[in-house]
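Student: just the structure for this:
(chains A and B)
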Amino acid sequence: MARIVGLWVILFATWLLLSGHWDSALLVGFGVGSCALTVYIANRMDVADHEGVSIYWVGRFLLYLPWLLKEILIANINVAKVILSPKLPISPIMVVFGSTQKTDLGRVLYANSITLTPGTITTGVEGDQLEIHALTWKDVDGREEDEMDQRVSIVERVS
Amino acid sequence: MVWDVLSWLSILAGLFFILVGGIGVLRFPDVYTRLHAAGMTDTMGAGLVLVGLSIQSGLSFQSGEWLITVRLMMIWAFLLFTSPIATHALARAALHGKVEPIRVDVGGGDA
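Tutor: This is a model prediction of the structure:
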């Protein structure tokens, strides 16, 4: 029940932010109605209760985000240097990493974080092994990946 | 004034990353390396342009401009969630289609 109410609150907050109609009672009423209909359908489809994300995730994810953005910036500058250097110093390589996440969602977050940082792309996930394609061998020397792995594991802990 | 300069710097930096990403797509040799270049345009490129636009729209509550800023940031958030999935799907499809990733040996040195 709490999840159903939570889903409705988040949907309605999104509706308000996207529409910007606070004043017209009719429009707000339609917004309330469409959110309620969506929650009803989600509930009927049985997705409201099982695929929810723990609210504790959100706070720790927001703490993780600035670090991720910093990493993305650094990686972007590195890849830009590679692209702009006349010799095109690339050494593409495929590697397999282990990951320490316990939940599927944590693994998704880790794999997507790796893909988001330019220079590394997750090409496959099997169990806790991630297959990664890297632009240069320097991109996968392991240090950033280990730190990212630990930080993602902190985000998903006790969820 | 200061904010105008900041927003222009941000937009121009974003355009620079998009341009370099485009050059990279042309210069790199195969699908997988090109994905790395394409990834630049939708993380930093689009991100910095959106940040610059947000600075332009500002956080003024009276005129309701903060709503535009919130929407711009939501666009970025959706990009951050969807673009790695698209990149991953492309790479996976290429692997599934038996496209061998090329290996370039730069041969010693600090490649």
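Student: so does the helix ranked longest in chain B get close to chain A?
Tutor: Looking across chain B with DSSP state H, the single longest helix is helix B:65-96. Yes: counting by Cβ under 8 Å from any Cβ of the partner chain, chain A has neighbours in helix B:65-96: B:67, B:70-71, B:74, B:80-81, B:83-85, B:87-88, B:91-92, B:95. Using the backbone N, CA and C atoms, a C-beta is placed for each residue, glycine as well.
Student: between these, which is closest to chain A?
Tutor: Proximity to chain A was ranked across the residues of helix B:65-96 next to chain A by Cβ to the nearest Cβ; first place goes to residue B:84, at 3.6 Å.
Student: next, count neighbours for the closest one.
Tutor: The number of residues packed near residue B:84 is 23, by other Cβ atoms under 10 Å in any protein chain shown.
Student: go on, residue A:16?
Tutor: The tally of other residues near residue A:16 (other Cβ under 10 Å) stands at 15.
Student: same check, this time on the one 3 residues further on
Tutor: A total of 14 residues lie near residue A:19 under the criterion other Cβ under 10 Å.
Student: settle this for me: it is touching residue A:31, isn't it.
Tutor: Yes: the criterion here is Cβ atoms under 8 Å, and residue A:19 meets it with residue A:31 at 6.6 Å.
Student: need the overlap of contacts for these two.
Tutor: Shared contacts of residue A:19 and residue A:31 (Cβ atoms under 8 Å, 6 or more residues apart in numbering or on different chains): none.
Student: where does chain B have low pLDDT?
Tutor: Regions of chain B meeting the criterion pLDDT under 70 cover residues B:104-111.
Student: most distant residue from the middle of it?
Tutor: Here chain B reaches farthest from its C-alpha mean at residue B:62, the gap being 32.2 Å by Cα atoms, centre = their mean.
Student: how close does it sit to chain A?
Tutor: 13 Å (Cβ to the nearest Cβ, to the nearest Å).
Student: that residue in helix, strand or coil?
Tutor: Under the three-state scheme (DSSP: H, G, I helix; E, B strand; the rest coil), residue B:62 adopts coil.
Student: can you turn the buried part of the residues of helix B:65-96 next to chain A into a ChimeraX selection?
Tutor: Command for ChimeraX that selects the buried part of the residues of helix B:65-96 next to chain A, burial taken from 16 or more other Cβ atoms under 10 Å in any protein chain shown:
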select /B:67,70,71,80,83,84,87,88,91,92,95
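Student: for the residues of helix B:65-96 next to chain A, name the two members farthest from one another.
Tutor: Greatest spatial distance among those (Cβ to Cβ): B:67 and B:95, at 42.5 Å.
Student: excluding chain neighbours, what is closest to residue 39?
Tutor: Picked chain A for this. residue A:8 (4.8 Å; Cβ to Cβ, 6 or more residues apart in numbering or on different chains).
Student: meant chain B actually
Tutor: residue A:118 (4.5 Å).
Student: contacts only, for the one you found.
Tutor: A:72, A:75, A:76, A:78, A:79, A:135, B:36, B:37, B:39, B:40, B:43, B:44.
Student: if you rank the residues you listed by neighbours, which is first?
Tutor: Going by other Cβ under 10 Å, residue B:36 tops the contacts of residue A:118 with 31 neighbours.
Student: can you list the domain ranges for chain A.
Tutor: Domain ranges of chain A: A:2-44, A:55-156, per automatic domain parsing.
Student: same list (those domains) but as TSV, adding mean pLDDT.
Tutor: What follows is the domains of chain A, written out as TSV (pLDDT from 0 to 100):
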stretch	mean pLDDT
domain A:2-44	86
domain A:55-156	82
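Student: most packed of those?
Tutor: Most buried of the domains of chain A by mean neighbour count (mean count of other Cβ atoms under 10 Å in any protein chain shown) is domain A:55-156; its value is a mean of 18.
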